[in-house]
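>>> model the structure of this input:
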Amino acid sequence: MSTLQNKRVLLGVTGGIAAYKSAELIRGLREQGADVAVVMTEAAQEFITALTLQALSGNPVHTSLLDPAAEAAMGHIELARWADRVLIAPASADFMARLASGMGNDLLTTICLATRAPVMIAPAMNQAMWENPTTQENLSTLKAKLAAIYGPGVGSQACGEVGPGRMLEPLELVEQLAASFESGLLAGKHVVITAGPTREALDPVRYISNHSSGKMGYALATAAVEAGARVTLISGPSQLPAPDRVEFVSIDSAEQMLTASMQAAEHCDMFIGGAAVCDYRPEAISEHKIKKQGEATLTLSLVPNPDIIASVVKQYPAVYSVAFAAETENVLEYARAKRVKKGVHCIIANDVSDDHIGFNSDENAVTIIDRSGDIRLDQRSKAQLARDLIELLANKSEQAKDTTP
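Numbering: from 1, shown residues only. As a prediction, this is how the structure comes out:
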């Protein structure tokens, strides 16, 4: 089975006897590493309690669109942004009808309208309701709107009838949801990604660094693995665990990152420079701890660090190269100039002066810049943004095979 490690799944539970299966579904999702948030309709709460699903998911269960406490912080929008996938299981005939017509008259339908994450449903209802022409019309509408419709299965139903309408079994839904993260766009490709900060030592106990957490680079590594790539992740110091199924190279300084990058880039297809590399390092590293000399000032002599992405481009021009531009002002202007200066195929610009995105945040918003123009990706989770970026970069790298940056 594919993994859902670090994936955010918003599970919608609607009214129907199959709601009891949502408990096992949550357990299966969490066993595969997913973080699960549950939204229940009013009817769903007649079949299974919110307390049960809260205990299984480990997160508060959301039931009301007009919850004053949640909506003070735009709760439904935050949930819509949070999710990597929205799965409604079971999806009743009533819910399918409201979703097909674009209604937003409760929390779950509102989230489906507001999210940029793929929305999937697992229908569950009486076989006669499923075969009703109105339900089938709604199904046709939803097929054009949704990322996937799982099932329904055929078999015995709680009403005693036999036919189509059974919700798929929880483990099958877990497997299909996990498979939805694997695109195959980079199958057979080797992608090298740098991430995190670098540390430039002053003495044995002090260093110069920055606020990078590595979250964006690690998310890109995971997304590239999901897309079928062999991934080498070269990371500066980070509190994050190494993603599954990557070749992980741990470094401290910019010079160490340069050495590792040049070795890895020799046989790669795509190089993504996502690390926040310190621009300067001390000219000399003190052998012993620098002592405070009363009230006297201390002057440090700094020298430039090597430009890692530019070095890769110069040595391996055939590798599809991607740089990041983390700026605090004139973001797009500086990023465009940086793309030309470094000679990369593509640059990804983001505004790190915004406290809601960028360094240490779980969300980000970026603009992708290359010769063909700009593409803006608005604020979303870094995990979802990484998947969107990998899809774009995979397509752009194919288009760029016969061109120069």
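>>> can you give me the helices for the stretch 251-400 of the chain?
254-265, 308-315, 331-342, 382-399 (DSSP state H, counting those that start in this stretch).
>>> got the buried residues for the third one?
Going back to what we said before, that points to helix 331-342. For helix 331-342, the neighbour count (16 or more other C-beta atoms under 10 Å) marks 331, 332, 334, 335, 336, 338, 339, 342 as buried. For glycine as for every other residue, the C-beta is placed from the backbone atoms N, C-alpha and C.
>>> what's the answer for the last one, then?
For helix 382-399, the neighbour count (16+ other C-beta under 10 Å) marks 382-390, 392-394, 396-397 as buried.
>>> check which helices and strands that helix sits against.
helix 215-226, strand 270-273, strand 320-327, strand 346-351, strand 363-370, strand 373-381 (3 or more C-beta pairs under 8 Å, 6 or more residues apart in numbering; DSSP states H and E).
>>> mind redoing it with 6 Å?
helix 215-226 (3 or more C-beta pairs under 6 Å, 6 or more residues apart in numbering; DSSP states H and E).
>>> ok so, going back, as TSV, the buried residues of helix 382-399 with distance to residue 245 would be great.
As requested, the buried residues of helix 382-399 are exported to TSV (distance: C-beta to C-beta, whole Å):
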residue	distance to residue 245
382	19
383	16
384	19
385	20
386	15
387	15
388	20
389	19
390	14
392	22
393	19
394	17
396	24
397	21
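>>> any idea how far the closest residue to residue 63 other than its chain neighbours lies from residue 166?
Computed as C-beta to C-beta, 6 or more residues apart in numbering, the closest residue to residue 63 that is not its neighbour in sequence is residue 40, at 5.1 Å. In this view, residue 40 and residue 166 are 21 Å apart by C-beta to C-beta, to the nearest Å.
>>> coming back round to it: for the residue nearest to residue 63, which residues are in contact?
13, 50, 61, 63 (C-beta atoms under 6 Å, 6 or more residues apart in numbering).
>>> sec struct for residue 52, please.
helix (DSSP: H, G, I helix; E, B strand; the rest coil).
>>> my bad, should have said residue 163
Under three-state DSSP, residue 163 comes out as strand.
>>> help me confirm that it comes into contact with residue 126.
No: with contact defined as C-beta atoms under 6 Å, residue 163 does not reach residue 126; the gap is 8.4 Å.
>>> returning to what we had before: by neighbour count, which of the contacts of residue 40 wins?
residue 13 (34 neighbours; other C-beta atoms under 10 Å).
>>> who has more neighbours, residue 163 and residue 126?
In this view residue 163 and residue 126 are compared by other C-beta under 10 Å, and residue 126 has more residues nearby, 18 against 15.
>>> let me know the pLDDT of that one.
For residue 126, the pLDDT comes out at 91.
>>> for it, grab phi and psi.
phi -60, psi 150 (degrees, to the nearest 10).
>>> show me what contacts residue 158?
Contacts of residue 158 by C-beta under 6 Å, 6+ apart are residue 17.
>>> on that earlier part again, quick one: which of the buried residues of helix 331-342 is nearest to residue 306?
residue 342 (12.4 Å; C-beta to C-beta).
>>> is the closest one in contact with residue 309, as I believe?
Yes: applying C-beta under 6 Å as the test, residue 342 and residue 309 come out as touching, 5.5 Å apart.
>>> any shared contact partners between these two?
Common neighbours of residue 342 and residue 309 are listed as residue 323 (criterion: C-beta under 6 Å, 6+ apart).
>>> so, low pLDDT: which residues of the stretch 251-400 of the chain?
Applying pLDDT under 70 to the stretch 251-400 of the chain flags residues 358.
>>> run the last query once more with 80
354-361 (pLDDT under 80).
>>> what distance do you get for residue 135 to residue 297?
For residue 135 relative to residue 297 (C-beta to C-beta), the value is 77 Å.
>>> settle it for me: which of those two has more neighbours?
It is residue 135, of residue 135 and residue 297, that has more neighbours when counted by other C-beta under 10 Å, with 19 against 5.
>>> could you find the closest non-adjacent residue to the more buried one?
Nearest to residue 135 is residue 93, by C-beta to C-beta, 6+ apart, at 5.4 Å.
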